[in-house]
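**Q** mind looking at a prediction? Sequence and model below.
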Amino acid sequence: MTGLFYIFTFIGSCILLFWAGNILVKALMGVAHFLKWKEFTVSLFVMATAASIPNLFIGISSAIHQTPQLSFGDVIGGNIVDLTLGIGIATLIAKGLPTASRTVQTSSIFTMVVAILPLLLILDGRLGRVDGIILISFFLFYIFWLFSKRKSFRKSYEEKGNSIIRRFKIFLKDLGRVILGIIVLLLAAEGVVRSASFFAQSLRLPLSLVGVLIVGVGNTLPEIYFAGASAKSGRTWMILGDLMGSVIVPSSLVLGTVALLCPIEIVDFRLFLPARFFLIVSAIFFFFFARTGQRITKREALFLFLIYILFLFVQWLTNYL
């Protein structure tokens with residue numbers, strides 16, 4: 001009976017994360033419209049940050065419960081999914097993703113570096129408070145760079161005849177949806193942490209591995225859903241901004257915050273090695289595809305799919321052989 005309770009808790013929490021994440025993303029899109037930001041910047045800074053809030057709350061909750069390795073696995077697993085399945089699905093739907101923009105090209109460098117940086121910092125088996133400061137500083141540096149160039153983030157939107165008062169009322173409603181989404185995400189994150197801990201104990205798996213294979217995939221659903229919806233509507237710049245930001249924000253701000261609250265220690269790296277290896281491979285190939293040809297092609301998308309399938313196969317072999 002206890003097992004069924006945690007299974008339903010986990011499923012219900014993932015549904016709430018997906019539902020609340022979508023509400024939060026749409027609400028923050030309205031906020032960004034009011035602020036007059038470009039689509040790429042909106043999706044990278046606002047929408048990716050919103051989609052990363054579940055990672056942040058899971059990280060904070062896991063730190064409070066003295067299980068911060070769950071947050072580390074969640075971020076690593078989510079990054080692999082974003083850089084392979086997320087980019088791959090969006091590329092196939094959109095029939096290719098353009099990467100010619102100088103902002104996109106530079107952001108691809110940040111994406112690769114920040115995806116690999118936590119893996120380097122934890123080589124000694126511990127992601128401590130100094131490491132957390134380094135990760136948060138990297139995030140702040142990227143945001144400073146992004147907003148230091150006015151042309152890279154400012155855009156004029158069509159107002160559709162709405163008065164200033166009307167637009168401000170819509171802005172306040174969107175802020176209310178943001179608050180609602182955050183509250184729901186807090187509750188859902190608590191459910192994920194508790195159920196994931198139960199699964200880890202029942203299956204005798206380390207929390208970091210549960211985070212990679214279960215929580216990480218669950219938390220990337222809003223990004224993948226948004227990427228697919230954006231691809232169908234032809235808003236390809238928002239896809240790249242969202243997925244790049246969904247790697248940058250959790251890997252720097254989220255892990256940095258968790259490390260400050262409760263240092264992350266990985267005692268046994270054997271089951272975790274495949275995730276580390278395939279994250280590095282995913283980050284390098286994404287960087288290579290984004291920088292060559294000024295476009296991510298269908299063939300490259302299929303190759304990213306192959307990387308994820310190989311990751312699952314190797315992870316399975318590591319666990320059971």
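**A** Received it, and whenever you're ready, just let me know what you need.
**Q** helices of the stretch 51-200 of the chain, start to end?
**A** Taking DSSP state H, counting those that start in this stretch as the criterion, the stretch 51-200 of the chain contains helices spanning 69-81, 87-94, 102-121, 129-148, 164-203.
**Q** put the alpha carbons of the third one into CSV.
**A** Once side chains and other backbone atoms are set aside, the C-alpha atoms of helix 102-121 remain, and they are given as CSV (Å, rounded to 0.1, in the frame of the first residue of the first chain):
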residue,chain,number,x,y,z
ARG,A,102,25.8,36.1,-33.0
THR,A,103,23.9,35.9,-29.7
VAL,A,104,23.0,32.3,-30.3
GLN,A,105,26.6,31.4,-31.3
THR,A,106,28.1,33.0,-28.2
SER,A,107,25.4,31.4,-26.0
SER,A,108,26.3,28.0,-27.4
ILE,A,109,29.7,28.4,-25.9
PHE,A,110,28.2,29.3,-22.5
THR,A,111,25.9,26.3,-22.8
MET,A,112,28.7,23.8,-23.4
VAL,A,113,31.0,25.3,-20.7
VAL,A,114,28.3,25.5,-18.0
ALA,A,115,27.1,22.0,-18.7
ILE,A,116,30.5,20.6,-18.1
LEU,A,117,31.6,22.9,-15.3
PRO,A,118,29.8,21.1,-12.4
LEU,A,119,31.3,17.8,-13.5
LEU,A,120,34.8,19.4,-13.3
LEU,A,121,34.1,21.0,-9.9
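**Q** so what does that helix touch, helix or strand wise?
**A** Helices and strands touching helix 102-121, by 3 or more C-beta pairs under 8 Å, 6 or more residues apart in numbering; DSSP states H and E, are helix 39-41, helix 69-81, helix 129-148, helix 236-249, helix 273-291. Quick note: C-beta positions are derived from backbone N, CA and C, even for glycine.
**Q** if we can go back for a sec, what's the closest of the helices of the stretch 51-200 of the chain to Val281?
**A** The closest of the helices of the stretch 51-200 of the chain to Val281 is helix 69-81. By C-beta to C-beta, the value is 9.1 Å.
**Q** let me see the mean pLDDT of the closest one.
**A** Average pLDDT, helix 69-81: 83.
**Q** and that helix, how far from the chain's centre?
**A** The gap between where helix 69-81 is centred and where its chain is centred comes out at 9 Å by C-alpha atoms, centre = their mean, to the nearest Å.
**Q** what residues of that helix count as buried?
**A** For helix 69-81, the buried set under the neighbour-count rule, 16 or more other C-beta atoms under 10 Å, comprises 69-81.
**Q** okay, angle between that helix and helix 273-291 too, please.
**A** Per axes from the mean of the first three to the mean of the last three C-alpha atoms, to 10 degrees, the angle that helix 69-81 makes with helix 273-291 is 40 degrees.
**Q** point to the residue nearest the middle of the chain.
**A** Most central in the chain under C-alpha atoms, centre = their mean is Ser246, positioned 3.1 Å from the mean C-alpha point.
**Q** ok so, going back, let me have the helices and strands packed on helix 102-121 in TSV, extended by distance to Leu56.
**A** Below are these laid out as TSV (distance: least, C-beta to C-beta, whole Å):
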stretch	distance to Leu56
helix 39-41	20
helix 69-81	9
helix 129-148	12
helix 236-249	8
helix 273-291	19
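**Q** point out where the stretch 151-300 of the chain drops to low pLDDT.
**A** Counting by pLDDT under 70, the stretch 151-300 of the chain contains low-confidence residues at 151-163, 205-223, 225-226, 228-229, 233, 268-271.
**Q** run through the residues that contact Phe278.
**A** 80, 307-308, 310-311, 314 (C-beta atoms under 8 Å, 6 or more residues apart in numbering).
**Q** now the buried residues of helix 69-81 as CSV including distance to Leu121?
**A** Putting the buried residues of helix 69-81 into CSV (distance: C-beta to C-beta, whole Å) gives the following:
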residue, distance to Leu121
Gln69, 14
Leu70, 18
Ser71, 14
Phe72, 11
Gly73, 15
Asp74, 17
Val75, 13
Ile76, 13
Gly77, 18
Gly78, 18
Asn79, 15
Ile80, 18
Val81, 22
